[in-house]
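*Asks:* Starting from these lines, generate the structure:
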Amino acid sequence: MNKSLAINMTGKLRKSSLNSQPTGVSTFASRTRPSTDQSLQKSFHLSHADKIELKKISSPSENKKYATTQTNTTQTMTVKLKSDNGLQTRWTRTPAGNMRLASCGLKCLNSSAVFQINFSAGLTVLCSEIPHERQAQKRCASPYRQTLTKNKMWTSTNFTTYKKQFDFTSSEQGKPTFTALKIDDKDFINMVEGLEGEIHNNQIFQTILCDHCGCYQCASGNWVAIRQLNDLIFFIPAFDDLNTEIDEGIYHPPFVLRQKGAYWLTVNDFVNFKKLVPEIDKLQSIKIMTKFELLSLYKWDTPHKMFGDFPNFKPLRREHILAVSQFENDTLVDIIETKIKELENATEFGLETIVYVDKVVSIYLDDHSTTEWKALYKTEDDYELLLGGEFRITTK
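*Replies:* Model prediction:
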């Protein structure tokens, strides 16, 4: 009578020590070599079948190159047991996925009785000893060069404050509690008390303070400017400071602005907002948005970075346009560029909320995440730039 055994072996090299724990099956510790410990987990299932199948996946220690740069090889050996002529073997080699952890496995199927033994050996491994852990630390990328294709101005009156505890033990300050302001359950200002005396005449301030010490300007980034245009209040990137900064990245906007675009409120909603932030509530008036800031905001807030990166904006990227809702592609691009020049030369400018959505002129983009850009608004006898798909820019 023929018998078979199918075996699967699995083991994983881990960074930290693994202590043997009872799992309901036989468990015991094992050491493979006197000089080197390895975490190895094996499972044995015995069965009666017609074949033995052995799979082995090479571990990083067996490779001359790092596991992150070398494609491992799976070796499959099929062994057929026969009572008359012994063993016949057949080897096949197939490429396996690039894996960070070594693994191997033995598995037995079709058995009325299954026996499983799990065992592991404790091992402490330094990060530098694991090839895939030998990586350079992540460095702060320029906020202007990040690929953020979903920029769109947004608003929400779902703002509130709550008490938030911080861990300042690294700076020997214990674990203090501050007031945080969140919008749609995401922190917009993480330490309201930390803004005391920090919002000056330019009304530019840091919204997220260092979460290791709570010091203002300790960490870079997370700067916004409060601006008003007509009856609207905007939290926009600090374009003036970004334009003149020496060290790139110091004044870049918070992640929520880079992800969702500028945040805006009506004047009435802003009254309720500023009551939650005493330092903002002290302001007698809000600084009017400049023409430079409005131009920068229009180009910065477009999806798919249609004008490139601030502060080095480029001409509109025609090659990213698939189709337009009106005109030919080039004709519509010419209208946008003409309107931008008119804004640059305007003596007066403002914003008005759009009334008729059917007068919006859209550009359809070659992008997997954002396909439509609402770029223009049709008036009775002309076209106007559309900001954030919500407001038309008027000029005189």
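
*Asks:* Start and end of stretch 229-240, how far apart?
*Replies:* Its start and end residues considered, stretch 229-240 measures 17 Å (Cα to Cα, to the nearest Å).

*Asks:* List the buried residues of that stretch.
*Replies:* In terms of neighbour count (16 or more other Cβ atoms under 10 Å), stretch 229-240 has its buried residues at Leu229, Leu232, Ile233, Phe234, Phe235, Ile236, Pro237, Ala238, Phe239, Asp240. Where C-beta positions appear, they are placed from N, C-alpha and C, glycine not excepted.

*Asks:* Name the residues that touch that stretch?
*Replies:* 202, 204, 223-228, 251-253, 257, 262-267, 270, 286, 288-289, 292-294, 296-297, 300, 310-311, 350-352, 391 (Cβ atoms under 8 Å, 6 or more residues apart in numbering).

*Asks:* Tell me which of the buried residues of stretch 229-240 has the lowest pLDDT.
*Replies:* Ranked by pLDDT, the buried residues of stretch 229-240 bottom out at Asp240, which scores 91.

*Asks:* Just say helix, strand or coil for that residue.
*Replies:* Assigned by DSSP: H, G, I helix; E, B strand; the rest coil, the conformation of Asp240 is helix.

*Asks:* Check Lys164 too.
*Replies:* With three-state DSSP as the basis, Lys164 sits in strand.

*Asks:* Could you list the low-pLDDT ranges of the stretch 101-250 of the chain?
*Replies:* Residues of the stretch 101-250 of the chain meeting the criterion pLDDT under 70: 101-151, 246, 248.

*Asks:* just the strands in it please.
*Replies:* Secondary structure of the stretch 101-250 of the chain by DSSP state E, counting those that start in this stretch: the strands cover 104-105, 159-165, 177-183, 186-189, 204-206, 223-229, 232-236.

*Asks:* export the ones you listed to TSV and tack on distance to Glu380?
*Replies:* Formatted as TSV, these follow (distance: least, Cβ to Cβ, whole Å):
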stretch	distance to Glu380
strand 104-105	73
strand 159-165	38
strand 177-183	37
strand 186-189	39
strand 204-206	39
strand 223-229	23
strand 232-236	24
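
*Asks:* Greatest separation within the buried residues of stretch 229-240: which pair is it?
*Replies:* Maximum pairwise distance in these, criterion Cβ to Cβ, is 19.4 Å, between Leu232 and Asp240.

*Asks:* For stretch 215-230, which residues meet the burial criterion?
*Replies:* Here stretch 215-230 shows Tyr216, Ser220, Gly221, Asn222, Trp223, Val224, Ala225, Ile226, Arg227, Gln228, Leu229 as buried, counting by 16+ other Cβ under 10 Å.

*Asks:* about what we covered before: how about TSV for the buried residues of stretch 229-240, with distance to Phe159 added?
*Replies:* Output for the buried residues of stretch 229-240, formatted as TSV (distance: Cβ to Cβ, whole Å):
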residue	distance to Phe159
Leu229	21
Leu232	16
Ile233	13
Phe234	15
Phe235	11
Ile236	17
Pro237	20
Ala238	21
Phe239	24
Asp240	26
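
*Asks:* closest to Ser156 among those?
*Replies:* Nearest to Ser156 among those, with distances taken as Cβ to Cβ, is Phe235, at 11.5 Å.

*Asks:* so what's that closest one bridging to?
*Replies:* Judged by DSSP bridges, the bridge partners of Phe235 are Ile226, Tyr263.

*Asks:* about what we covered before: let's see the PyMOL selection covering just the buried ones among the contacts of stretch 229-240.
*Replies:* The PyMOL command for the buried members of the contacts of stretch 229-240 (criterion: 16+ other Cβ under 10 Å) is given here:
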select buried, resi 204+223+224+225+226+227+228+251+252+253+257+262+263+264+265+270+286+289+293+294+296+297+300+310+350+351+391
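
*Asks:* Out of the contacts of stretch 229-240, which sit inside helices?
*Replies:* Using DSSP state H, Leu257, Val267, Phe270, Phe292, Glu293, Leu294, Ser296, Leu297, Trp300 are the members of the contacts of stretch 229-240 that sit in helices.

*Asks:* Could you dump those into CSV and include pLDDT and distance to Lys182?
*Replies:* Below are these laid out as CSV (pLDDT from 0 to 100; distance: Cβ to Cβ, whole Å):
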residue, pLDDT, distance to Lys182
Leu257, 94, 15
Val267, 97, 22
Phe270, 98, 17
Phe292, 96, 31
Glu293, 97, 26
Leu294, 97, 28
Ser296, 95, 27
Leu297, 96, 24
Trp300, 93, 24
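
*Asks:* element containing the closest residue to Leu295 other than its chain neighbours?
*Replies:* Nearest non-adjacent residue to Leu295, counting by Cβ to Cβ, 6 or more residues apart in numbering: Leu343, 6.1 Å away. Secondary structure from DSSP states H and E places Leu343 in helix 329-345.
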